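Engineer: sharing a model prediction with you, sequence too.
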Amino acid sequence: MAIISSNIGDNDFSLRKQELRIVDSKIIPEEKRNKNQNLARPLSLKEFVGQEKIKSSLRIAIDASIYRKEPLEHILLYGQPGLGKTTLAFLIAHEMNTKCRVATAPAIERPRDIVGLLIGLKEGDVLFIDEIHRLNRLTEELLYSAMEDFRLDLTMGANSGARCRTINLPRFTLIGATTKLASISAPLRDRFGISQKIEFYTNDELKQIIVKFAQLINLNLDDEASYDLAKISRGTPRIALRLLRRVRDYAQVVNKTNLISTNLVKKALNSYQIDSNGLDSLDRRYLSFLCLNNDIPTGLDSIAAALGDDASMLEFVVEPYLIQIGFIMRTPRGRVLTDLGKEYIVQKNDNF
């Protein structure tokens, strides 16, 4: 049985890249090992900051299931990394007063792995599968009957000795999380009764999350400093908490204090080469390369070759935020720097 994969990236090279990027929303090894990271997780759905529409819909579904005394419908949560999909899965299980079994799709390598997981469930349990779009085809097909009819249809033996066997399963709730909704096959996607997109957080919501976590780790955080951190967190709680930890490290090691002011936040982030827009050195190198091309659309592969990075990493990690803040545009012919992006590069090239 495969429970919670220790794999973080697809290979060692990508893992090293992730360790260096504080503003990447993916989990880095430090957060895997950090026992205190669960302090940031709320204990109930009411304490969960943000995502009000989703919380309202889930509250109704949970209360209806409790009223009918039956398991909750299967739920699909999708959105960018670091927005709270795993946290919501745990909170749903908590609200249903049941256990949450956790697995990651890349760790479910063989059909027998998913069979072991499903047979080990009890009535009403929640099974959470992260990155569910990465399930292999055979494993995914076993889930079809498990989700719809709560049974497993297995073939035992081979050739003329093959026999079909049906295993009845307890009624359970499958919660799937994915960052790539389009990569999930239609048959699997249609079997989820509830599908919710996790949106980016507002600065005020991120500020609340930062202030709460600062209290938990005994930091005295200035009100303006907390908002400054929220503004550069790319709408992502995971990045916000990671930046707060780095500011804490700087404050305790360099200034020997737990009092965090706006000026100290600026100095700490400067030491990590993160500016007031939340951009790091890789983001600025990307923008600078586009600026050199004088408004000529540039292909992604050309940019990747110039920066020495993987094209898919640039497309899915770097570019979304730069597009969101209006610094670049994607065109059929390639990437182009906007006027805002040009203005930023002119201002920042002298500072870093």
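Structural biologist: Done, it's in.
Engineer: how is this structure carved up into domains?
Structural biologist: Under the assignment automatic domain parsing, the domains of the chain span 41-197, 203-271, 281-348.
Engineer: make a markdown table out of these and add mean pLDDT, distance to Asp24 and mean neighbour count.
Structural biologist: To be clear about C-beta, it is placed using only N, CA and C from the backbone, and glycine gets the same treatment. Listed next are the domains of the chain as a markdown table, based on pLDDT from 0 to 100; distance: least, CB to CB, whole Å; neighbours: other CB atoms under 10 Å:
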| stretch | mean pLDDT | distance to Asp24 | mean neighbour count |
| --- | --- | --- | --- |
| domain 41-197 | 87 | 8 | 17 |
| domain 203-271 | 89 | 8 | 19 |
| domain 281-348 | 86 | 6 | 16 |
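Engineer: what's the closest of those to Val23?
Structural biologist: Closest to Val23 of those is domain 203-271 (CB to CB; 5.7 Å).
Engineer: now that closest one, how far from the centre of its chain.
Structural biologist: Centroid separation between domain 203-271 and its chain, computed with CA atoms, centre = their mean, to the nearest Å, is 20 Å.
Engineer: among the domains of the chain, which is nearest Ile22?
Structural biologist: Comparing the domains of the chain by CB to CB, domain 203-271 comes nearest, at 5.8 Å.
Engineer: straight-line length of the closest one, end to end?
Structural biologist: Using CA to CA, to the nearest Å, one end of domain 203-271 lies 23 Å from the other.
Engineer: ok, stretch 225-240 next?
Structural biologist: Stretch 225-240 has an end-to-end distance of 12 Å (CA to CA).
Engineer: list the contacts of Arg101.
Structural biologist: Going by CB atoms under 8 Å, 6 or more residues apart in numbering, Arg101 touches Ile3, Leu117, Gly120, Leu121, Asp125, Val126, Leu127, Phe128.
Engineer: same for the helix or strand containing Glu224, what does it pack against?
Structural biologist: Following DSSP states H and E, one finds Glu224 within helix 223-231. Contact partners of helix 223-231 among helices and strands, from 3 or more CB pairs under 8 Å, 6 or more residues apart in numbering; DSSP states H and E: helix 203-216, helix 237-253, helix 262-271.
Engineer: mind putting the contacts of Arg101 in CSV, distance to Ala304 and secondary structure included?
Structural biologist: Below are the contacts of Arg101 laid out as CSV (distance: CB to CB, whole Å; DSSP: H, G, I helix; E, B strand; the rest coil):
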residue, distance to Ala304, secondary structure
Ile3, 35, coil
Leu117, 38, helix
Gly120, 43, coil
Leu121, 43, coil
Asp125, 44, coil
Val126, 40, strand
Leu127, 38, strand
Phe128, 34, strand
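Engineer: now, among the residues you listed, which is nearest to Lys266?
Structural biologist: Using CB to CB, these come closest to Lys266 at Phe128, 38.9 Å.
Engineer: secondary structure element for the residue most central in space within the chain, which one?
Structural biologist: Nearest residue to the geometric centre of the chain (CA atoms, centre = their mean): Pro81, 1.9 Å. Using DSSP H and E, Pro81 maps to neither a helix nor a strand.
Engineer: my read is that it contacts Asp130, right?
Structural biologist: No. Using CB atoms under 8 Å, Pro81 is not in contact with Asp130; the gap is 10.2 Å.
Engineer: show me the contact partners of the strand or helix carrying Lys342.
Structural biologist: In this structure, Lys342 sits in helix 339-348 according to DSSP H and E. By CB under 8 Å, 6+ apart, the list of residues contacting helix 339-348 from outside reads 275, 277, 284, 287-288, 290-291, 322, 325-328, 337.
Engineer: return the member of the residues you listed nearest to Leu45.
Structural biologist: Ile325 (31.0 Å).
Engineer: that older thread, Lys26: which of the domains of the chain is closest?
Structural biologist: Here domain 41-197 is closest among those (CB to CB), at 5.1 Å.
Engineer: now render the domains of the chain as JSON lines, adding distance to Ile22.
Structural biologist: Putting these into JSON lines (distance: least, CB to CB, whole Å) gives the following:
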{"stretch": "domain 41-197", "distance to Ile22": "12"}
{"stretch": "domain 203-271", "distance to Ile22": "6"}
{"stretch": "domain 281-348", "distance to Ile22": "11"}
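Engineer: which non-adjacent residue is nearest His236?
Structural biologist: Heads up, residue 236 is Thr, not His. The shortest distance from Thr236 to any non-neighbouring residue, by CB to CB, 6 or more residues apart in numbering, is to Gly82 (4.3 Å).
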